[in-house]
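J.: Give the three-dimensional model of this entry:
(2 chains)
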2 protein chains.
Amino acid sequence: MNDTRERVVVTEVGLRDGLQSIARIMSTDDKRRWIDAAYAAGVRHMEVASFVPARLLPQMADAADVVAHALSYRDLGVSALVPNLQGARYALEAGVQRIVAPISVSAAHSVANVRKTPAEMIDAFAAMRELIDSASSTCGHRVVLIAGLSTVFGCTLQGAVPYADIAAIARAAVQAGADVIALGDTTGEATPRQVGEVIELVRDVAGERLRSLHFHDTRGLALANTLVALQHGIREFDASLAGLGGCPHAPGATGNVNTEDLVFMLDSMGYDTGIDITRLLASREVLAQALPGEPLYGYLARAGLPKQAADAGSARASAEYPQSSRRSQSSVSQALP
Amino acid sequence: MNDTRERVVVTEVGLRDGLQSIARIMSTDDKRRWIDAAYAAGVRHMEVASFVPARLLPQMADAADVVAHALSYRDLGVSALVPNLQGARYALEAGVQRIVAPISVSAAHSVANVRKTPAEMIDAFAAMRELIDSASSTCGHRVVLIAGLSTVFGCTLQGAVPYADIAAIARAAVQAGADVIALGDTTGEATPRQVGEVIELVRDVAGERLRSLHFHDTRGLALANTLVALQHGIREFDASLAGLGGCPHAPGATGNVNTEDLVFMLDSMGYDTGIDITRLLASREVLAQALPGEPLYGYLARAGLPKQAADAGSARASAEYPQSSRRSQSSVSQALP
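T.: Residues are numbered from 1 along each chain as shown, chains lettered A, B, ... in the order given. So this is what the prediction gives:
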């Protein structure tokens, strides 16, 4: 059977965003096991580390080693988060294919997070662009530079984030050389109608460079927001295995949308993620062993696949179970008037 | 300021569906307190009981008393679930305004749940219609009869539910005299694309009688499914305070979509529910006191309202915060190129 389904890219960011938000340090070996398990489940895009000073974020001290392991898979897209020029140098040396530079739209958050105003961060971003371009001539492939706009949908410090600011930062990022614009709901405040409005707003200034969305599930709306983004043409989403990073004691730091639940929804809608949901669910065991006591979230992990999906016999087939309902043999319609 | 927002009806069904799914019996006084608190928060539609034999469901032994209390609020719409003709007699005597009769589309579920095939349940439904019509001439108002189609989106016993069966049951329910067709995702298996397809399918046979959807949040998709239903013109939804009824040990019995999270989403999208989200959140305290130890779910209850919503100062204003982002004073756009 030919697969004519539309592709949606799910980028596993748990190794970066998830781990960054929890106190416990995951060993380099466990990170390698996580990458192996995700790859085995069909994940082909991962954001595996941040290149930041180890004294600020000990969790990421092994970034270069983790990137090296991820790069051993030839068809795995390997991204890293990089907040400044020095980090970009390290990331390029490590050989990442995509660099995500966070640019807060909220000035309050930007200063708190990277001690730069948004305008200063745009300057740093332009410098990264220059560095990447000069490195490309020597390393042979062009590294993709992603402007990871953060606090796009609201900010715990500032409150509402004006649409004019989102448009201004997106425009500035494009002018500074962003290959891709990604929109991040850093604080889990995005709501469905807003998501549609912001996508159209940013598309007006960034066009096809607007590619990716990054939701946190703080208020239970991450999948509804994803649905709206799909309807507005977005086909790339970040997610975290087991929703890692959720912290019931710090509302501002809840985890990314759960990878398994996201893949289940995308499967059910007929999108092709390339990910085997059963293997993905099984890969949670890596986290359970590596991070004992850390809460692992997820609806699907608790409830299991529906019988109709399980009946279909495979993740590939389960992707079509709503459609298969149309073809199923009727059990009652003959008995009715 | 005139309120020109579109109305969405949220029916609190926790007193029926939520309580029915938990072991602990809530006292009649506590049920009255719950109704009082929900009414104070602005809830104007409640399904408050099932009229079933007390030996089968002791939780509902006080149905007539609970209905009587709910009816003391003149502008509160009071519904009850009724599985058979005897139950309909009791419900009419108690004075309910709306009777919801469950009709499983899955034959396996129907037999297990009410010991009738779907076709036999349609016959019972027609008998309820006759009873209601003859009672209407004496009681002075016409009681609304709702066909609560259940296991519409999948069945834990049968698996996939054929679309032909959904259409056949919906058509039969209309022919048997349903005023309203409601679609229930009894087992929490609905997925977004399927929801849109099923709504259109049922609308083809039931027209404007298709009015209401009932989601369980078993796989985290209840709000995404609600979003699709809104896009397909549905303006009435059932929900349960604190997602009551969720049971982590019985995947098939997870709770309804959480009322607070649903109202938050609807508010954020500019719909008018008439419900004050702050008071609704406070009403969880009734459950915490009446059902100590029972798990209370909800994203909003854990994370709180976003700062941008809280800044807006009231539930009425918070409904507009995404819009208000457009008008907010820019803090960064002047500083950028």
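
J.: how about residue A:221, what does it touch?
T.: Residue A:221 sits next to A:190, A:191, A:192, A:215, B:223, B:261, B:265, B:299 when contact means C-beta atoms under 8 Å, 6 or more residues apart in numbering or on different chains. Placement of C-beta: from N, CA and C, glycine included.

J.: Any idea how far stretch A:213-230 is from the middle of the chain?
T.: 11 Å (C-alpha atoms, centre = their mean, to the nearest Å).

J.: buried residues in that stretch?
T.: A:213-230 (16 or more other C-beta atoms under 10 Å in any protein chain shown).

J.: mean confidence score for that stretch?
T.: Averaged over stretch A:213-230, pLDDT sits at 97.

J.: Export that stretch to PDB, keeping only CA atoms.
T.: Extracted as PDB, the C-alpha positions of stretch A:213-230 are listed here (Å, rounded to 0.1, in the frame of the first residue of the first chain):
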ATOM      1  CA  LEU A 213       5.500  25.500  16.800                       C
ATOM      2  CA  HIS A 214       6.500  24.700  20.400                       C
ATOM      3  CA  PHE A 215       3.800  24.200  22.900                       C
ATOM      4  CA  HIS A 216       3.800  23.600  26.700                       C
ATOM      5  CA  ASP A 217       0.700  21.900  28.200                       C
ATOM      6  CA  THR A 218       0.400  24.100  31.200                       C
ATOM      7  CA  ARG A 219      -3.400  24.600  30.700                       C
ATOM      8  CA  GLY A 220      -4.300  21.500  28.900                       C
ATOM      9  CA  LEU A 221      -4.600  23.200  25.500                       C
ATOM     10  CA  ALA A 222      -1.400  22.100  23.800                       C
ATOM     11  CA  LEU A 223      -3.200  19.500  21.600                       C
ATOM     12  CA  ALA A 224      -6.100  21.900  20.800                       C
ATOM     13  CA  ASN A 225      -3.500  24.600  19.900                       C
ATOM     14  CA  THR A 226      -1.600  22.000  17.700                       C
ATOM     15  CA  LEU A 227      -4.800  21.300  15.900                       C
ATOM     16  CA  VAL A 228      -5.300  25.000  15.100                       C
ATOM     17  CA  ALA A 229      -1.700  25.200  13.900                       C
ATOM     18  CA  LEU A 230      -2.200  22.200  11.600                       C
END
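
J.: Farthest-apart pair in the contacts of residue A:221, please.
T.: Across those, the longest distance by C-beta to C-beta is 15.1 Å; it joins A:215 and B:261.

J.: Just the buried residues of stretch A:213-230: which are in strands?
T.: Judged by DSSP state E, the buried residues of stretch A:213-230 include A:213, A:214, A:215 as members of strands.

J.: mind checking how far stretch A:162-169 is from the chain centre?
T.: 22 Å.

J.: Residues of the stretch 1-150 of chain A that sit close to chain B?
T.: By the rule C-beta under 8 Å from any C-beta of the partner chain, the part of the stretch 1-150 of chain A lying against chain B is A:105, A:106, A:107, A:117, A:118, A:119, A:122.

J.: For these, which PyMOL command selects only the ones that are buried?
T.: Applying 16+ other C-beta under 10 Å to those leaves a buried subset, and the PyMOL line that selects it is:
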select buried, chain A and resi 105+106+107+117+118+119+122
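
J.: Out of the residues of the stretch 1-150 of chain A next to chain B, which comes closest to residue B:166?
T.: Distances from residue B:166 to the residues of the stretch 1-150 of chain A next to chain B, taken by C-beta to C-beta, are shortest for residue A:105, at 44.8 Å.

J.: For that closest one, give its distance to residue A:162.
T.: Here the criterion is C-beta to C-beta, to the nearest Å. By it, residue A:105 lies 9 Å from residue A:162.

J.: Likewise for residue A:33?
T.: Residue A:33 is 44 Å from residue A:162, by C-beta to C-beta.

J.: Perfect, that will be all.
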